[in-house]
Structures are given as C-alpha cells and as structure tokens.
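Visitor: Using only what follows, build the 3D model:
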Amino acid sequence: MVQQRYEHLATDESIETNETSTKDNANDNGTTTADVIDFVRPTSLNSGYSHDDSKNRIVQVLLKYMKFVGPGLMVSVSYMDPGNYSTAVAAGSAHRYKLLFSILVSNFMAAFWQCLCAKLGAVTGLDLAQNCKKHLPFGLNIALYILAEIAIVATDLAEVVGTAISLNILFDVPLALGVVLTVIDVLIVLMAYKPNGSMKWIRIFEAFVSFLVVMTVICFGIELFYADLGPAKEIFKGFLPSRAVIDADGLYLSLAILGATVMPHSLYLGSGVVQPRLRDYDINKGYYKPDMNDIENNHDNYKPSFEAINETLHYTMAELLVSLFTVALFVNCSILIVSGATLYGTTQNSEEADLFSIYNLLCSTLSKSAGTIFVVALLFSGQSSGIVCTLSGQMVSEGFLNWTIAPALRRSATRAVAITPCLILVLVAGRNGLSGALNASQVVLSLLLPFVSAPLLYFTSNKKIMRVQVNGHNDCQQPSKSSTGSNNKSIPFNDEGSHQDEFGADESIELQDLLKSSPKQTDTNIVTNTDDITPEYKDMSNSLFTTIAAIAVWLLVSVLNFYMLVSFASNQEVHV
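Guide: Numbers count the residues shown, from 1 in each chain. Alright, predicted model coming up:
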C-alpha cells in the first residue's frame, strides 16, 4: 500500500515537472504541451475527481458496451437451437437434473472457444474459414471445407426440423411444408443481411435476431413458473459432477449436449461477426478506405489497426461472455429442468421422449398454455437458429473456396444442398424417429468438433499470424492525421465518450489537432510520416496458459468422442 502511494505521488510529480518544463512552448494559438498532458491526464489524477465522476464513467462504459451488443446474442443463438431442445429433453427424462453439469461444462467450453474465435477474427480481420484458405495447404483446406459443410447440414437438420415441428403443433402445418416454409423465410432474411453494408442495417438485423432470443428467454421464464420443479437443492446439486454423466446413456447424452452446445458452425460465425465494428472504426478514423474491389471480395485484404483492436476487442468479449452465461445457459438449463420435472419418472423414457411428447405432457399435467408457450419458444429458437446457421453456411462457402458465380445464386445453392437431407428425413420418417435423428445429428457435430477446432488453436497460437503492427497501418488507408509510435499512446484517448461517431472520433480529432499545433511533437512520440519507419509488431497470440488450456479442452473432447466410438464398436447398449 505504501509503495503504491509513493508511486502515485511520483506520477503526480512527474506530470507537474513535465508541465513546468513545457510552459515556454506555447504556440501562436496559446496551446502548450502541458495542455495536451492535461487533456489526456487520467481522471483519477485530477484534483476534481469525485464520486459523481466515477458514476459518470460507469455510465459511459455501459453506454459504450451497449454499442457492442448484438454479435454475442447472435452467437448465443447457436447454443439454444432445436438440437439443444431434443438432447436436453432426452437428458431430463432419463436423469432428471443430473446432467445439468454437462450443460455447465459445455457452456464453459463454448465460451472459451468463442473468445478464441473473437480474437482470431479481430486480429486477422478474417473469419476461421478465410484463415484456413489463406494459411493451410489446398488439400487440407478442401478436407476441412467438406467437414464444415457436413456440420452445416447436421445443424440444419435440427434447426429446420425443429421449426417444422413447432409449425405443425401450433398451426397444424404438415412437416414437409413446414420445412419448405422455413427455407423461404431464411432465404429472405439472408438476402436482407449485408455484412459489408452500413452498421445501421447490420444493427437492424442483429436487433431482429435479438428479439427472437429475448422472446425465447421470456417463454422459458414463464415455463419455469408453471412447472413443479421440486426442491431447489436438487436442481443446484445437478450442477455438480455425478456418476450419471459417465454412464453409457449418460455419456452419449452428455456428448450430444456438447455437440448441441459447442457447435462447429458457431466457430465460423463467432470469428466472422466481429469485423464490421472494427472496420467501421478504421473507416471513421481514416485508417481504412475500401474500394469496390475490396467490397466485392468481402474485404479479404482488410487488416484491423491496433487502435481498432484495442478499442473494441475487450467490449466484444465482454458482450459475448455475458450473452453466453445469461441467455444461452439459462435457456439450455431451463429446457432440461422443465423436461426433468415433467418427464422423469413417467412412462416416457429417453427413447420415446421427444418434442411432441413433452408438449403433450405439459398440456396434460400443467396446462394447455404451458405446452403452447414451450412450442412458441421452440419456434422462436428455430427461426433465429436457422438464420444464424445460414449465415455460417455463407461464411463457410465464401471463406474456404474462391467462387465465381453470383453471391445470391451461390447462397441459394448452398442452402438448398443443406436442406435436402432435412426434407428427405421428414418425408420418409415423419414424426417417428425425429427425436433419434436430432440427437444423432448433435453427436455428429460433437465428433466433427475436434477437426473443426484444431485450426482455431493453430491460428491463435501462431505468432506470425496473430501479430499486429503498432506503428503504422499496413494494408489500410493511412489516416490524414498523425499516427502513433510504437508505444501507441493515442489508444486510451478514445475511451472517454463520443459524439461524432460511435467510438469517440471527436476526442481523437481534438487531441490530434492539439498535437499538430504543438511545436515539439517528439514530446508525445507522434510520428507524422510512417513511410520511413521500421514496422513494429505486437504479439497477440495465445499465452502459454491459454495454449495449454486449449489443448487440454481439445484432447478432452477428442478422448470422449473416441470412447463413444469404441463403445459403439463393442456393441455396448447406448440409448438415445
């Protein structure tokens, strides 16, 4: 404590010395370097600092955080799709609340993977598929593309069939027609999403998806109010590890939950939704000026500036974690809790438990409205999940391959290929076998996860790929104002708020004007011409701890998948 106090006093004395030494450096406008120092002085060093200033600072941070709300909610949709409904219903009916532990662990894994995805997308400016095309051999890239497309098809199987079931229950729409209606609806929304367009339209699209997510959460909040859950102690006990997790059917269901939670397509989505805000920041600051060729090629050559990464990445990760640990975790746990409270101990077993049966049981044991609310939540979830799955499919097809056909035709063809197995399944199997097919699709996703996530670990741990130039803006339009030196002193100046643009352009411009008018720019490490300087880079690859943790999680998933395959090969009985 004493050392910190002396350091604080030393900092004040240092600033006062700098102010004294620069009093004679006033220019014609009366601006001194001391004025610049006072402009950027941390609030905690100002004599007028008060509790009100602290509250204002908190309000400013919250308002700035709200500008980043959207991508995390879109990613969280991937973790509360109809596949989660199917696996959670089966888990709740077979083990009541004991597999809540599997949902919790899967959510932690999902959050960990998504943080790596956000960092990869922010640092490189490319999503996971684009990085595979850029850095991996052609043969390996094609192999990963095929696996990614299989994952998209398996995901669509859950999204589309889940929506078709909800339409069938609510409006008596035939399952096959429900699948077709879902395809048309998703295609319309897909054409409306313009990832390379203005932030206004991107925010409108994110708001629409967020509305569907919020409605799903509200429905399950009401559902929990209706259900007779029993002692709360039993629910909380379910979040602790138990033997049920490693039993034959428990392990299978846990892997299905893992596949439904940490879905491969979400890795492509999570690494691809962070760029618009980074790009918007660099365009507003003058660091990047795209031409028509850049827009047509999805900004493949765009690399975010260090300022943009420093300004946005922490808020992006915070919004992502909040979304996953509130919305996604709440919905997944609610599905299992409701199914465990209503199906466990009844004549329905895990093989017979499906979305139709839980609807019928909710109607008979609770009320008609309880069953209807459950299906409405399924409809909202299916619609939002179908939308983000289609976006992921678009990122996969456009990222892995160099297409030469029109984007609209390409997206329609990709969607049609992904939907065909779903339509065939509905026409052949009808209602019978849908639950098993949905659960099986989630296990397939779990099996694909190690192959899809391995490049993510490689890229984020590679120092050459995960480096950012800090004393210039390579591959970007140079700003008209001066850029910072290797210490990058100008980055914190944008944190105090904004009026002209959403990231504080007015303060940055004001500061740069002050620095420009100061006669001694070397006092603040400002470099006006970056053409003759040696590029300096900051390493933003994974730390040793993060790398070890990522490898450990990857090995855990791989070992569990291998164990399940061995169980199948040895003809051990595994129930779905």
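
Visitor: who touches the residue nearest to L136 when sequence neighbours are not counted in this structure?
Guide: The spatial neighbour of L136 that comes closest, neighbours along the chain excluded (CB to CB, 6 or more residues apart in numbering), is P455 at 6.8 Å. Bear in mind the C-beta positions are built from the backbone N, C-alpha and C, glycine included. Contact analysis of P455 by CB atoms under 8 Å, 6 or more residues apart in numbering lists L128, N131, C132, L136, L144.

Visitor: Buried ones in the helix or strand containing Y145, by neighbour count?
Guide: Using DSSP states H and E, Y145 falls within helix 138-171. For helix 138-171, the buried set under the neighbour-count rule, 16 or more other CB atoms under 10 Å, comprises 141, 144-145, 147-169.

Visitor: rewinding a little: make a PyMOL selection of whichever of the contacts of P455 turn out to be buried.
Guide: Only the buried entries of these go into this PyMOL selection, using 16+ other CB under 10 Å:
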select buried, resi 128+131+132+136+144
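
Visitor: so where do the strands sit in the chain?
Guide: Assigned by DSSP state E, the strands in the chain fall at 467-469, 483-484, 526-527, 537-539.

Visitor: How is this structure partitioned into domains?
Guide: Using automatic domain parsing, the domains assigned to the chain come out as 75-466+560-569, 470-539.

Visitor: For the ones you listed, which has the smallest mean pLDDT value?
Guide: Lowest mean pLDDT within the domains of the chain: domain 470-539, at a mean of 47.

Visitor: gap between the two ends of that one?
Guide: Taking CA to CA, to the nearest Å, the first and last residues of domain 470-539 lie 10 Å apart.

Visitor: what about N310, how many neighbours?
Guide: N310: 20 surrounding residues under other CB atoms under 10 Å.

Visitor: typed the wrong thing, it's G259
Guide: Considering only other CB under 10 Å, G259 is surrounded by 31 other residues.

Visitor: quick one: it and L449 touch, right?
Guide: Yes: shown here, G259 and L449 form a contact pair, counting by CB atoms under 8 Å, at 6.9 Å.

Visitor: how near is K55 to M66?
Guide: In this view, K55 and M66 are 17 Å apart by CB to CB, to the nearest Å.

Visitor: An error on my part: the question was meant for S392.
Guide: On the measure of CB to CB, S392 and M66 end up 25 Å apart.

Visitor: quick one: which of those two has more around it?
Guide: S392 (28 against 11).

Visitor: got a list of what the closest residue to the more buried one other than its chain neighbours touches?
Guide: Once flanking residues are discounted, S392 sits nearest to H265: 3.9 Å by CB to CB, 6+ apart. Going by CB under 8 Å, 6+ apart, H265 touches S78, A148, A151, I152, T155, C389, S392, G393, V396.

Visitor: Nearest to F374, out of those residues: which one, please.
Guide: S78 (20.6 Å; CB to CB).

Visitor: ok, the closest one touching L267?
Guide: No: in terms of CB under 8 Å, S78 does not count as a neighbour of L267; the distance is 9.2 Å.

Visitor: Name the residues that touch stretch 220-229?
Guide: 235, 330-331, 334-335, 337-338, 341-342, 362, 366-367, 369-370, 373-374, 377.

Visitor: Out of these, which sit inside helices?
Guide: Using DSSP state H, the members of these that fall in helices are 235, 330-331, 334-335, 337-338, 341-342, 362, 369-370, 373-374, 377.

Visitor: now, the most widely separated pair of those residues?
Guide: Maximum distance among these (CB to CB): 23.1 Å, for I235 and S369.

Visitor: Looking at those two, which is more packed in?
Guide: Each of I235 and S369 has its neighbours counted (other CB under 10 Å); I235 has more, 18 against 13.

Visitor: what sits against the closest residue in space to that one that isn't next to it in sequence?
Guide: Excluding its sequence neighbours, the residue lying closest to I235 (CB to CB, 6+ apart) is Y97, at 5.4 Å. Applying CB under 8 Å, 6+ apart to Y97 gives the contacts E234, I235, K237, G238, L336, I337, G340.

Visitor: Could you report the distance from the second one to F101?
Guide: To tie it back to what came earlier, the one meant is I235. Applying CB to CB, the value for I235 to F101 is 12 Å.

Visitor: got it, and F306?
Guide: Look at F306 and F101: by CB to CB, they are 41 Å apart.

Visitor: same deal with L181?
Guide: For L181, the distance to F101 equals 38 Å [CB to CB].

Visitor: what about those two, which has more around it?
Guide: Legend: neighbour count by other CB under 10 Å for L181 and F101, higher for F101 (19 against 15).

Visitor: is it true that that one touches S242?
Guide: Yes: judged on CB under 8 Å, F101 makes contact with S242 at a distance of 6.7 Å.

Visitor: thinking again about what came up before, and the ones in helices among the contacts of stretch 220-229, which of them are buried?
Guide: Buried among the ones in helices among the contacts of stretch 220-229 by 16+ other CB under 10 Å: 235, 330-331, 334-335, 337-338, 341-342, 362, 370, 373-374, 377.
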